[in-house]
Every structure is written in structure tokens, then in C-alpha cells.
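Peer 1: Following is a predicted model, sequence given first.
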Amino acid sequence: MRFALPTLLLLGLGHDCSGQGTAPAGDKKILMSFSGPPLPMPLIALASMMPSHRASLDDSLARLAHARNRVKTVALMLLSSSGGARDTSDYTVLDRAGYPVLTAKPMFGARTHLRYNRQHRLISLTKDAEPGFAFIIQADYDPASQTTTTRIGPTPATLALYQTGHNIKRAGASSSETLLTTVPGLPAPAVDRVLLTRTALSGDTIRIDMLGYQGKEVVNAEAYYALVSAGQQREGGTIVLPAAGRATRALEGRFIPNRRSTFDAAGRLIRTQSLPAPASLADKSITQTSDDGQGSMTIKSSPDTLTTTYQRGADGQLLRETFSGMHWSQSEKPAPPQTTTYDYLPNGLRRGKTDGLGTHYEYHYTFY
């Protein structure tokens with residue numbers, strides 16, 4: 001279970017984004033920060049997302065293995081060509097039930113703290129400040145009132161309220177409302193209120209309508225859908241609304257799929273597909289240049305159908321995942337498929353992995 005909010009929030013604020021990696025020939029880290037105008041973000045990036053109980057099969061299997069083996073910490077170590085550990089890619093601290101209470105990506109300076117109630121429901125998430133975004137983000141959920149509050153600030157003592165989200169009871173549909181305020185030092189949100197309504201249509205289709213308000217005036221509208229069968233989302237996408245921008249009937253709008261998932265007879269995910277948007281709906285590309293002028297990045301809609309296939313063992317453990325379908329930039333030549341393989345210890349814990357570029361990683365554990 002997780003909050004979807006913090007990642008979306010970072011994007012929605014349109015603040016600097018950054019990345020850093022490890023130079024192939026050594027341990028020198030490269031930090032490159034990109035800045036520019038705020039990226040145009042959809043309403044769903046501003047909506048306060050309540051924590052979800054659903055976890056992927058791989059997350060669930062890993063949690064059970066961690067709890068069974070009394071794992072306290074997991075470190076994913078990048079291996080050098082000689083086989084020795086060179087750097088820590090990911091680091092996780094777990095509670096005794098196998099739930100993460102700290103996740104970190106040391107090469108990116110990213111740390112997230114998580115807290116649960118006695119029913120193992122996520123009730124608090126805090127992202128530390130990191131290179132490129134010098135603000136702390138703290139989201140808290142109150143199960144009794146079903147309310148999420150999000151605060152942002154440069155230090156724990158200066159956190160300011162950014163979002164308040166709560167559920168609204170309505171006949172025939174479930175709704176949630178997000179109220180947004182401006183935080184000192186950050187751009188003002190595009191709207192001050194987001195209303196999200198989920199409606200079950202005929203069959204297995206769930207429709208999500210979103211309205212963005214400034215005061216009492218609707219200034220933006222979006223709609224999405226999901227096809228759900230046996231509790232699993234088989235397809236999802238956007239709904240293109242009429243020119244007026246506000247749907248008035250349940251089936252109004254054109255349904256455009258952007259993701260499909262395939263499951264085996266046991267209900268285990270074996271393939272996902274990310275579908276390109278029609279040319280008429282593709283986002284315009286946005287290019288940002290690094291602060292030092294040494295690099296640039298372009299954000300745009302992918303024209304490719306991207307496919308990931310998953311090969312699993314009899315117990316559901318992920319053995320191989322293969323990513324394919326992407327083309328080289330400015331070329332018709334397809335990029336070769338990228339396959340990541342995993343191997344396991346006899347006790348069910350992961351031993352190591354090799355990514356599609358042939359880079360080897362090893363899992364290191366400590367125990368309670």
C-alpha cells in the first residue's frame with residue numbers, strides 16, 4: 001500500500017527535477033539539475049490520493065519472505081566488474097511484519113519515511129528534501145475521518161499546509177475533494193479545488209471524472225476509465241470529453257486506452273502494455289536545459305507501444321522481465337529488448353539481479 005501523492009506532487013509543482021548516476025569507470029557521482037517553466041500537469045496530479053491497500057504480487061511475495069526470514073534491512077548493491085560491491089542503489093528498512101519504514105536511493109539523495117497503524121495501514125509518509133527539490137513533503141492520513149493532509153516546507157519546523165483531501169458520501173458514486181493552498185516559495189497550484197467522482201458503469205467499467213475549480217468556477221475537466229475483472233485492472237485510459245469540457249452523462253466522451261495488462265490463470269501479471277496516444281491527443285514536447293548548460297532533456301509523449309513481459313516460477317516469484325517496443329531517438333530502428341533477470345536464495349529472498357545492460361546487483365540483508 002502506498003501514497004501516490006508525493007511523486008505526483010513533485011511533478012505537479014513544476015519545480016526543478018534532477019538526476020544523478022554513477023560513472024561507469026569509477027565511483028564519481030554526476031549531478032545534473034534541470035530547471036525551467038512549470039510543466040503543465042493534469043488535475044489527477046493535484047488530487048490528494050488516499051492510501052491504497054492493494055500491493056503488487058511481487059511486493060506481497062517480497063514482504064512475506066522478509067517477514068518469514070525476519071529481515072530488518074535490504075540493500076541492493078551495484079557490483080564492479082571484479083564482483084565486489086561498488087555502490088548502494090537502493091536501501092530499505094523493514095518492520096517485523098515486512099513493511100518498509102524507510103526507503104532510500106543513496107545515489108539520488110532520496111529518502112522516504114513511512115508509518116503504519118496497528119492494522120498495517122499506511123498513515124504517514126514523509127519525503128526528505130533532496131538535490132533539485134529542497135522541500136520536505138509530509139502526507140498524513142486519518143482513517144477515522146478518511147482525510148489526507150499534505151504539508152510542504154524546507155524544514156520540519158516550517159511545514160505549510162498544501163493539500164487537504166477527504167471523501168464525500170454520494171448516492172450511486174464515491175467522491176473525494178481536494179483543497180489546495182499556495183505554499184511560500186512554490187508556484188501557486190493551477191486550481192484551488194479538485195472534485196473527483198468514481199462511477200461504476202455497466203459491466204466491469206469504472207469511470208473517474210475530475211473537475212478543477214477556481215472559486216466556484218469550473219476551469220478544467222478530465223475523465224479516466226478502468227476495466228476491472230476479478231479485482232484486477234485489465235485496461236485503463238483517458239476519456240476525451242466534449243468541447244464544453246464537462247461530461248453530463250455516464251457514457252459521454254471517447255474512451256482512449258493507454259495501458260493494458262494480461263494475467264495468467266492464477267491471476268498473476270504476465271504482461272503490461274503502454275499504448276501511445278493518438279496523434280491528435282499527444283502532448284507537445286518540452287525541452288529543459290541543465291543549470292550548467294551541459295545537458296538537456298526532452299519530455300514528450302512516446303509514439304511506441306511499450307511492452308513488458310514477466311516470467312514467473314511456480315510460486316509466483318519473478319524470474320525475468322523483458323521490456324521491448326521502444327525505438328531509438330530520431331530513428332526508425334527499434335531498440336533491442338531489455339531483459340532483467342532475478343535469482344533467489346533457498347529461503348525465498350532475492351540473491352541478485354542482472355539488468356538489461358548487463359549490470360549486476362546483489363542483495364545484502366541484516367536480520368532481527
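Peer 2: Done, it's in.
Peer 1: So what pairs up with residue 263 in the strands?
Peer 2: Under DSSP bridges, the beta-bridge partners of residue 263 are residue 269.
Peer 1: Quick check: it touching residue 272?
Peer 2: No. Using C-beta atoms under 8 Å, residue 263 is not in contact with residue 272, being 10.3 Å away. Backbone N, C-alpha and C define where each C-beta goes, glycine included.
Peer 1: Please pull out the lowest mean pLDDT helix or strand from this structure.
Peer 2: Using mean pLDDT, DSSP states H and E, strand 17-22 stands out as the lowest-scoring helix or strand of the chain, at a mean of 31.
Peer 1: tell me which residues of stretch 209-219 are tucked away?
Peer 2: By 16 or more other C-beta atoms under 10 Å, the buried positions in stretch 209-219 come out as 209-213.
Peer 1: Over to stretch 224-233?
Peer 2: Those would be 224-227, 233, for stretch 224-233 by 16+ other C-beta under 10 Å.
Peer 1: what's the answer for stretch 190-204, then?
Peer 2: Buried residues in stretch 190-204, counted by 16+ other C-beta under 10 Å: 190-197, 199.
Peer 1: for the protein, what's the longest strand?
Peer 2: Ranked by residue count and defined by DSSP state E, the top strand of the chain is strand 217-229.
Peer 1: just the angle between the helix or strand just after it and strand 217-229, please?
Peer 2: Counting by DSSP states H and E, the element after strand 217-229 in chain order, helix or strand, is strand 232-240. Inter-element angle recorded for strand 232-240 and strand 217-229: 150 degrees (by axes from the mean of the first three to the mean of the last three C-alpha atoms, to 10 degrees).
Peer 1: Which of the three states applies to the closest residue to residue 266 other than its chain neighbours?
Peer 2: Spatial nearest neighbour of residue 266, excluding adjacent residues (C-beta to C-beta, 6 or more residues apart in numbering): residue 316 at 7.5 Å. Look at residue 316: counting by DSSP: H, G, I helix; E, B strand; the rest coil, its state is coil.
Peer 1: and residue 316, backbone torsions?
Peer 2: Dihedral pair for residue 316: phi 90, psi -10, per degrees, to the nearest 10.
Peer 1: what's the burial count for it?
Peer 2: The number of residues packed near residue 316 is 15, by other C-beta atoms under 10 Å.
Peer 1: ok, now residue 163?
Peer 2: Number of residues near residue 163 (other C-beta under 10 Å) recorded here: 23.
Peer 1: What residues does the nearest residue to it once chain neighbours are set aside make contact with?
Peer 2: Computed as C-beta to C-beta, 6+ apart, the closest residue to residue 163 that is not its neighbour in sequence is residue 150, at 3.9 Å. If a contact means C-beta atoms under 8 Å, 6 or more residues apart in numbering, then residue 150 has 5, 9, 48, 137-140, 161-165 as its contacts.
Peer 1: Tell me which strands the helix or strand hosting residue 150 pairs with, and in which orientation.
Peer 2: Residue 150 belongs to strand 147-153 when assigned by DSSP H and E. Strands that pair with strand 147-153, judged by DSSP bridges, come out as strand 136-142 (antiparallel), strand 160-170 (antiparallel).
Peer 1: could those strands be laid out in CSV, adding distance to residue 179 and mean pLDDT?
Peer 2: What follows is these, written out as CSV (distance: least, C-beta to C-beta, whole Å; pLDDT from 0 to 100):
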stretch, distance to residue 179, mean pLDDT
strand 136-142, 14, 93
strand 160-170, 5, 89
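Peer 1: is it possible to export those to TSV including distance to residue 109?
Peer 2: What follows is those, written out as TSV (distance: least, C-beta to C-beta, whole Å):
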stretch	distance to residue 109
strand 136-142	13
strand 160-170	22
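Peer 1: Indicate which one of those is closest to residue 97.
Peer 2: Among the strands paired with strand 147-153, the nearest to residue 97 by C-beta to C-beta is strand 136-142 (18.3 Å).
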